[in-house]
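Student: let me see the structure of the following:
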Amino acid sequence: MDTKPTRAEVRSSALLLVWLVLVQFLAAFLFGLGSLALLGLDLAAFSGVHLEGPGIWGWMAAGALVLLFWLGAGYLAPREVRPGQAGTVIVLPLWAAGTALLRNAYLFLLPQRLCGGALAALLSPVWPDRLAAGGLGLTVSCALLPAALGLGLYLGRGR
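Tutor: This next block holds a predicted model:
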């Protein structure tokens, strides 16, 4: 049995990596605009700086929107981007590890930070150290978002 990947599998795996970069930039742009709009509404509503930040429900809504965006991006991915199970299992963990290593790229990792903020808000009653909970939430979200995209790829494979 030949286990060497074919040229088409390697090509579609590379295209999946390009798709991930495009989805990341699009998500960062859209959620960045949404965050700016909410900040503008907050400043207009309170006529000053409101530094408390969103409550747990705000974080949960943002995290759910980010997860649904990544699930939809996987579901709507073109057929050329779907490398099959082996290519997906290779590319998605590489992406998760790469984003976890780029912790200081704030604007690029805005979707992961929003999802990580939701996880940190959930962990805050159990884990009172907010900074440590935020770091753990960011690390988990770096793996959770590619998993959501992979689930979307799986659900949309018959499309």
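
Student: all helices for this structure, in order.
Tutor: Along the chain, counting by DSSP state H, helices occupy 7-46, 56-75, 85-101, 110-123, 130-155.

Student: I'd like these as a markdown table, with mean neighbour count and mean pLDDT appended.
Tutor: Quick note: C-beta positions are derived from backbone N, CA and C, even for glycine. Putting those into a markdown table (neighbours: other C-beta atoms under 10 Å; pLDDT from 0 to 100) gives the following:
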| stretch | mean neighbour count | mean pLDDT |
| --- | --- | --- |
| helix 7-46 | 15 | 81 |
| helix 56-75 | 19 | 87 |
| helix 85-101 | 17 | 86 |
| helix 110-123 | 24 | 82 |
| helix 130-155 | 19 | 83 |
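
Student: was I right to think A28 contacts F108?
Tutor: Yes: with contacts counted by C-beta atoms under 8 Å, A28 reaches F108, the gap being 5.7 Å.

Student: could you measure from the closest residue in space to L119 that isn't next to it in sequence over to P5?
Tutor: Nearest residue to L119, sequence neighbours excluded (C-beta to C-beta, 6 or more residues apart in numbering): G137, at 3.5 Å. Look at G137 and P5: by C-beta to C-beta, to the nearest Å, they are 35 Å apart.
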